[in-house]
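Asks: fold the stuff below for me.
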Amino acid sequence: MTEPRSITSNIDLLLDTLPLHIRQSIEDGPDDKENLLEIVMDLGRLPEARYRGRERFLSEREIMQEDIDYVIQRIGAFGEDNRAGIPRTLHRISAIRNRSGKVIGLTCRVGRAVLGTIAIIRDLVEAGRSLLLLGKPGVGKTTVARLL
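Replies: Predicted coordinates for the structure are as follows:
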């Protein structure tokens, strides 16, 4: 019997970490939040949202250090791989650092859990069979691996 599929993203928890002008642009924008893949905030550049099939700038104001610091104060600590997360979510924030180690850019990736899809491979996993997961970035390979 196939389980019904549902997608959960807790996207509001990610949006809560963003400076107000960026968050409002996403919430009030023409694009559906459910199609949001990532938000890019690089010092001295315009903030950008990447959606399935398109990209758009979120403001005419370039990112300042205060914008980056605002996000850093609201997320978990960065690990050795320069990634941090938001507790109880699959969202991932990657930092770009300058030579002195200061964070000068953030890429905030929307993490989504697709519930009910693991059922189609459950019998293989339970039988101890090997499994190779292939796909483009952002389609859920890591999420599936965590569920196994």
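Asks: pLDDT below threshold where in the protein?
Replies: Applying pLDDT under 70 to the predicted model, the residue ranges of the chain that meet it are 1-9, 114-117, 138, 143, 146-148.
Asks: beta partners for the residue most central in space within the chain?
Replies: Taking CA atoms, centre = their mean, the centroid of the chain lies closest to Arg109, which sits 1.9 Å from it. With DSSP bridges as the criterion, the beta-bridge partners of Arg109 are Glu38, Arg92.
Asks: run a quick check on it versus Ile93, I expect a contact.
Replies: Yes - taking contacts as CB atoms under 8 Å, Arg109 lies within contact range of Ile93: 7.3 Å. (Each C-beta comes from the backbone N, C-alpha and C, glycine too.)
Asks: ok so, going back, quick one: contacts for the residue nearest to the centre of the chain?
Replies: 37-38, 91-94, 138 (CB atoms under 8 Å, 6 or more residues apart in numbering).
Asks: let's see it at 7 Å
Replies: Arg109 sits next to 38, 91-92 when contact means CB atoms under 7 Å, 6 or more residues apart in numbering.
Asks: just curious, which of these is nearest to Glu126?
Replies: Within the contacts of Arg109, distances to Glu126 taken as CB to CB reach their minimum at Arg92, with 29.0 Å.
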